[in-house]
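J.: Below are the sequence and a predicted model; questions follow.
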Amino acid sequence: MKNETKKENDLMEKIVSLCKRRGFVFQGSEIYGGLGGTFDWGHFGLALKNNIKQSWWKKFVDSRRDMYGVDAAILMRQEVWQASGHVAGFADPMVECEKCKKRFRADQIEDKKKCADCGGKLSEARQFNMMFQTKVGASDDSSAVSYLRPETAQGMFVNFKNTVDAFHPKLPFGMAQIGKAFRNEITPRDFLFRQREFEQMEIEYFVRPADWEKYFEYWKGEMLSWMEEVGLDMSKVHELEIAKEDRAHYSSRTVDFEFDYSFGKKELFGLAYRTDFDLKNHGLEYIDEEEKIKMIPHVIEPTFGVDRAVLALLLSAYTEDEKGDEPRSYLKFKPNIAPVICAVSPLLKNKPELVEYANTKVFAPLKAEFGRVAWDDNGNIGKRYRRQDEIGTPWCIVVDFDTLNDDTVTVRDRDTGEQARIKVVDLQNYIKGKI
Ligand code: ATP
């Protein structure tokens, strides 16, 4: 058991260190000692995150007729959060150690009486509201209070009327948004899993009340199919029906999709039946032209955390093997989400004829076609392969002396390590065929 835990910790350490080394994710405010629960994204992490978001938007917005995108302001009037129930109820139980003053989430610790760090006595649990409060404008009175949004959902509910008035959608229809959310988590932990600033991709799907169960099942299927599309290890994804007492204040049914992270089976994404809770509290309604009645639609909410998606994908993709002359680690990303689709290298960087060919005849056209194409001429070819493996680049293309004679290049496959000789004119189709 102990060995298992060590292996799991080692895996997490390896992933955190790969993310830093290869420019995916850095600790927030690192040069000043770090700010707990915040991370900064480097070039490749950002590319991965953007690909995830694009794939989500394409599936759930662009390829549908019933979905309307929104990008609402993060700052909203305090009335929004009063109506949504977050001012009164968005809290976690917190205990404090009387000796070392460390704070813990009461529902996440085994011994509720004794501090796990110093053995000191823990206080009684009290509710801690997780919203970040701020003041808008120069005025200092309570009317200036605002909050950084703890979920993107309300940005859609407050634009429900605008969307209906602008687009006249028929039920069922949805609104979709990708954006930052902020929660002052008591104990941020497990790398990207529990942060204070993170990103969500959410859908509010409005249905006739009698149809909610049908659409709840439908969205469960849609969520699973997207998870498979982006390449999550589906053997690690599990559905969990959330008991009434553990559901959020707005939900009448919740199914969590849990993932086997290296630190345990925990929530990845969620699906909630929010009933008419939010629209009713905001005083919003809808005229059902088919039924000729005023009514309040019910809401099915599929919600996805971008950062947990990244973490679960890193854990799904991370692989170690013994191929070649030495052990290697690589990220087995699907090409549609890999930060780099292919890397182009001249065999030797001090041979101008190789560099010129690689640059103008291989790199430039591929870059124009695929965008996510890297130029890599650093170190020897073995080192370049290792680096690209760790970034998760599916193909490395090398221009060598034979290329100058026969216009073919070596294309090396990340997963098998196999190399094929491909004509330069066929490269784009070769890669397109594989995507
Ligand atoms: P948890 O129980 O783990 O605190 P939650 O049930 O409060 O999560 P939701 O309110 O359902 O989470 O948020 C929707 C999604 O946002 C989650 O499924 C998750 O992917 C993501 N998420 C929530 N809190 C965080 C966080 N602190 N850091 C990163 N992602 C988060």
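T.: Happy to help now that I have it.
J.: Can you give me the neighbour number for the closest residue to the ligand within the chain?
T.: The nearest approach of the chain to the ligand comes at Gly305, 2.1 Å away (CB to the nearest ligand atom). (Glycine included, C-beta is placed from N, CA and C.) The local packing count at Gly305 equals 23, with neighbours defined by other CB atoms under 10 Å.
J.: And for Lys383?
T.: Other residues near Lys383 number 11, with proximity taken as other CB under 10 Å.
J.: Look at it and give its secondary structure.
T.: At Lys383, secondary structure determined by DSSP: H, G, I helix; E, B strand; the rest coil is helix.
J.: contacting residues for it?
T.: Lys383 makes contact with no residue under the criterion CB atoms under 8 Å, 6 or more residues apart in numbering.
J.: So the nearest residue to Gln82 once chain neighbours are set aside versus Met234, what's the distance?
T.: Setting aside the residues directly before and after it, Gln82 is nearest to Ala88 in space (CB to CB, 6 or more residues apart in numbering), at 7.6 Å. With distances taken as CB to CB, to the nearest Å, Ala88 is found 38 Å from Met234.
J.: Enumerate the residues of this structure near the ligand.
T.: By CB under 6 Å from any ligand atom, the residues of the chain that approach the ligand are 183, 185, 194-195, 198, 200, 267, 269-270, 303, 305, 307-308.
J.: try 8 Å this time
T.: By CB under 8 Å from any ligand atom, the part of the chain that sits against the ligand consists of 37, 92, 150-151, 181, 183, 185, 188, 192-196, 198-200, 202, 248, 254, 256-257, 266-270, 272, 303-309.
J.: ChimeraX command to pick out the buried ones of those?
T.: Command for ChimeraX that selects the buried part of the residues of the chain next to the ligand, burial taken from 16 or more other CB atoms under 10 Å:
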select :37,92,150,151,181,183,185,188,192,193,194,195,196,198,199,200,202,248,254,256,257,266,267,268,269,270,272,303,304,305,306,307,308,309
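J.: Which ones among the residues of the chain next to the ligand map onto strands?
T.: Among these, the members found in strands (DSSP state E) are 92, 181, 198-200, 202, 254, 256-257, 266-270, 272, 303-305.
J.: residue ranges for the helices of the protein, please.
T.: 2-21, 43-57, 78-83, 86-89, 153-157, 160-167, 212-230, 277-281, 306-317, 352-357, 364-370, 381-391, 401-406, 427-434 (DSSP state H).
J.: can you tell me the average pLDDT over the fourth one?
T.: Summarised as a single mean, pLDDT over helix 86-89 is 90.
J.: other SSEs contacting that helix?
T.: Taking 3 or more CB pairs under 8 Å, 6 or more residues apart in numbering; DSSP states H and E as the contact definition, the neighbouring helices and strands of helix 86-89 are helix 78-83.
J.: Which parts of the helix it packs on count as buried, going by neighbours?
T.: By neighbour count, and taking 16+ other CB under 10 Å as the criterion, the buried residues in helix 78-83 are Gln78, Val80, Trp81, Ala83.
J.: Domains in this structure, by residue range?
T.: Following automatic domain parsing, the chain resolves into domains at 2-76+149-315, 340-434.
J.: Put together a markdown table for those, with mean pLDDT on each row.
T.: Formatted as a markdown table, these follow (pLDDT from 0 to 100):
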| stretch | mean pLDDT |
| --- | --- |
| domain 2-76+149-315 | 95 |
| domain 340-434 | 95 |
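J.: Looking at those domains, spot the one closest to Glu326.
T.: Comparing the domains of the chain by their distance to Glu326 (CB to CB), the top pick is domain 340-434, with 8.5 Å.
J.: Can you report how many residues neighbour Thr163?
T.: Neighbours of Thr163 under the rule other CB under 10 Å: 19.
J.: Go ahead and confirm it touches Ala176.
T.: No: applying CB atoms under 8 Å, one finds Thr163 not in contact with Ala176, separated by 10.8 Å.
J.: which residues are in contact with both of those two?
T.: Shared contacts of Thr163 and Ala176, defined by CB under 8 Å, 6+ apart, comprise Tyr68, Val70.
J.: Would you list the phi and psi of the residue nearest to Leu347 when sequence neighbours are not counted?
T.: With CB to CB, 6+ apart as the measure, Asp400 is the residue that lies nearest to Leu347, at 4.2 Å, once sequence neighbours are left out. With angles defined as degrees, to the nearest 10, Asp400 sits at phi -120, psi -170.
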